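Novice: model this:
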Amino acid sequence: MKLYNTLTAKKEEFIPINKDEVKMYSCGPTVYNYFHIGNARPFIIFDTLRRYFEYRGYKVTFVQNFTDVDDKLIKRAAEEQSTVPEIAEKYIKEYFVDAEGLGIGHASVHPRATENISEIIAMCKKLVDLGYAYVVDGDVYFSTKKFKGYGKLSHQPLEELEAGARIGVDERKQDPMDFAIWKAQKTEDEIAWDSPFGKGRPGWHIECSAMANKYLGETIDIHSGGRDLIFPHHENEIAQSEAANGKPFAHYWLHNGYINVDNVKMSKSLGNFFTVRDIAQKYDYEVIRFFMLSAHYRSPINFSDELMGAAKAGLDRIYNCKYRLEEVTEPGNVDSSETFKELKQKFIDAMDDDINTADAISVLFEVTKAANTALAENADKTELSAALSLINEIGGVLNLLNKTADTSIDADVEALIEERQAARKARDFAKADEIRDRLDKMGIVLEDTREGVKWHKKA
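Specialist: Numbering: from 1, shown residues only. As a prediction, this is how the structure comes out:
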């Protein structure tokens, strides 16, 4: 299996630290609001990577944090006349509603920054003691120039990063590129914890370093997130962790591409900013997941009504094939069919090539096409069983196609089907076609087979 490593800017063979085990850390949400479709992409992609590792026999420890104290939470708490813990608790619950809808599994651990304050303070103190950080008026800053490898993830020297960065002016810092790992309490009512530096709270970057260290160890296999996190967040995580521990932080760094909306970068200022909850009011959660997996994770992806409609149609096509197969057979042995055995290997090859879910979805369509051909040709049950088994197997890895066929039918629909059959017997094909079209608009799919008329509701 090969993964594209942002750190080395090339695909590399994946070799875990411990045989048959994978330690993954993926940046989670800042819980001050519902998460948006840009957040949804890494959550879905790296959930899928975890599932694929498990499919291939690895034991995976997957950590995804919640940032539950931050300037955004403090602002939202003030706006809603609430408290930071109440805001965090509310939106962590809402995260799990949307995550479950999207088929995103629970991490092995979902640590919160506020539950790991002692570990964060210990790391800050260690960095100060080692000379990598310094204290100014209760704030603690990391000195980027003290860490010789700063910029290695971004592939830019410190001078270039400094020239291109949007840096807030703070004359107390020794260098403009230095960043806060501990922030002093600004007002008496602001949420804060006691520390050797005075009352305050963690900086954003330090929490991930401390929690990855606590739950996964000083060196981990994979760290992942969106491209927007490469600099400064992940660059700063590397600096903190490696300065504190004297060891490589993560062997593989994976980052997904941006999402555009109607070919324009998503932005609140442009009014094209959508939460997953917004989108789920129009499209099923599963359609969103299918859409995200239909592109390679490192490529930019364009979100639009037209493309979401196409994703729904594609997913429905696969579901309809699955339901037809379930009517005539049960899952069997994929290896009993050369066609589906080869398609299974094609799926594995796609996923082994830097988790190419776009090609994996293409294989799923190939399976659907081959299965529909087998159904049309009344192939033997062994072939049909292999097709159904492979659809379920690929669907299981991608966490798609989990719905069962809805075979409930009301008397009106049943009467229409009988009326159509009577029209066909009377050779009134125009009327039969008219009834079929009416049923189609009602979401009923008819299939005329040698055994009679079969039907199911559209997915």
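Novice: for the longest helix seen in the chain, buried residues please.
Specialist: If you go by DSSP state H, the chain has its longest helix at helix 305-328. The neighbour-count check on helix 305-328 (16 or more other C-beta atoms under 10 Å) flags 308, 311-312, 314-315, 317-327 as buried. In short, each C-beta sits where N, CA and C put it, glycine included.
Novice: before we move on, what about stretch 90-99?
Specialist: So for stretch 90-99, counting by 16+ other C-beta under 10 Å, buried means 90-92, 94-95, 98-99.
Novice: average pLDDT for that stretch, rounded please.
Specialist: On average, the pLDDT along stretch 90-99 is 98.
Novice: repeat that for stretch 61-73.
Specialist: Stretch 61-73 comes out at a mean pLDDT of 97.
Novice: Pro331 - that's part of a strand, no?
Specialist: No. Counting by DSSP: H, G, I helix; E, B strand; the rest coil, Pro331 falls outside a strand, being coil.
Novice: ok, how many other residues are close to the nearest residue to it once chain neighbours are set aside?
Specialist: Nearest non-adjacent residue to Pro331, counting by C-beta to C-beta, 6 or more residues apart in numbering: Ser389, 4.0 Å away. When neighbours are defined as other C-beta atoms under 10 Å, Ser389 has 22 of them.
Novice: distance of Ser389 relative to Gly57?
Specialist: Per C-beta to C-beta, to the nearest Å, Ser389 is found 19 Å from Gly57.
Novice: hmm, Cys208 and Glu119 touching each other?
Specialist: No. Judged on C-beta atoms under 8 Å, Glu119 makes no contact with Cys208 at a distance of 11.4 Å.
Novice: out of those two, which sits in the busier spot?
Specialist: Using other C-beta under 10 Å, the more surrounded residue of Glu119 and Cys208 is Cys208, with 29 against 20.
Novice: doesn't the more buried one belong to a strand?
Specialist: No. Under the criterion used here (three-state DSSP), Cys208 is helix, not part of a strand.
Novice: hang on, isn't Cys321 packed against Thr368?
Specialist: Yes. Using C-beta under 8 Å, Cys321 makes contact with Thr368 at a distance of 4.5 Å.
Novice: overlap in contacts, the two.
Specialist: Ile391 (C-beta atoms under 8 Å, 6 or more residues apart in numbering).
Novice: re earlier: for the residue nearest to Pro331, give me the pLDDT.
Specialist: 98.
Novice: go on, Glu419?
Specialist: On the pLDDT scale, Glu419 is placed at 90.
Novice: just to revisit the earlier point, quick check: the residue nearest to Pro331 vs Ser336, distance?
Specialist: Per C-beta to C-beta, Ser389 is found 9 Å from Ser336.
Novice: what's the burial count for Tyr252?
Specialist: Using other C-beta under 10 Å, Tyr252 has 21 other residues around it.
Novice: please apply the same query to Arg424.
Specialist: Arg424 has 17 nearby residues by other C-beta under 10 Å.
Novice: in contact with it, which residues?
Specialist: Ala432.
Novice: measure it to Met24 for me?
Specialist: Between Arg424 and Met24 the computed distance is 57 Å (C-beta to C-beta).
Novice: over to Tyr285?
Specialist: Here Tyr285 is placed at a distance of 23 Å from Met24 (C-beta to C-beta).
Novice: between those two, tell me which one has more neighbours.
Specialist: When neighbours are counted by other C-beta under 10 Å, Met24 comes out ahead of the other of Tyr285 and Met24, with 25 against 20.
Novice: packing partners for the helix or strand harbouring that one?
Specialist: Met24 is located in strand 21-26, with elements delineated by DSSP states H and E. Applying 3 or more C-beta pairs under 8 Å, 6 or more residues apart in numbering; DSSP states H and E, one finds that strand 21-26 contacts helix 37-55, strand 59-64, helix 204-216, strand 220-226.
Novice: shaky segments in the stretch 101-250 of the chain?
Specialist: Applying pLDDT under 70 to the stretch 101-250 of the chain flags residues 163-169.
Novice: kindly recompute the last result at 50.
Specialist: Of all residues in the stretch 101-250 of the chain, none has pLDDT under 50.
Novice: swap in the stretch 251-400 of the chain?
Specialist: Judged by pLDDT under 50, no stretch of the stretch 251-400 of the chain qualifies at all.
Novice: could you pull out the strands for it?
Specialist: Taking DSSP state E, counting those that start in this stretch as the criterion, the stretch 251-400 of the chain carries its strands at 259-261, 264-265, 301-303.
Novice: wait, isn't Glu235 in contact with Gly151?
Specialist: Yes. Using C-beta under 8 Å, Glu235 is in contact with Gly151, at 6.8 Å.
Novice: any shared contact partners between these two?
Specialist: Taking C-beta under 8 Å, 6+ apart as the criterion, Glu235 and Gly151 both touch Leu161.
Novice: tell me how far the ends of stretch 134-154 are from each other?
Specialist: Distance between the two ends of stretch 134-154: 24 Å, counting by C-alpha to C-alpha, to the nearest Å.
Novice: can you tell me how far Ala239 sits from Asp228?
Specialist: Taking C-beta to C-beta, one finds Ala239 at 18 Å from Asp228.
Novice: of the two, give the one with the bigger neighbour count.
Specialist: The residue with more neighbours, out of Ala239 and Asp228, is Ala239; 29 against 13, by other C-beta under 10 Å.
Novice: surely that one forms part of a helix?
Specialist: Yes. Looking at Ala239 with three-state DSSP, it is inside a helix.
Novice: for it, what are its contacts?
Specialist: By C-beta under 8 Å, 6+ apart, the contact set of Ala239 is 132, 142, 144, 147, 149-150.
Novice: now the helices for the stretch 101-250 of the chain?
Specialist: Along the stretch 101-250 of the chain, counting by DSSP state H, counting those that start in this stretch, helices occupy 117-129, 158-164, 204-216, 235-245.
Novice: let's have the ones you listed in a markdown table, adding distance to Ser299.
Specialist: Formatted as a markdown table, those follow (distance: least, C-beta to C-beta, whole Å):
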| stretch | distance to Ser299 |
| --- | --- |
| helix 117-129 | 35 |
| helix 158-164 | 23 |
| helix 204-216 | 25 |
| helix 235-245 | 23 |
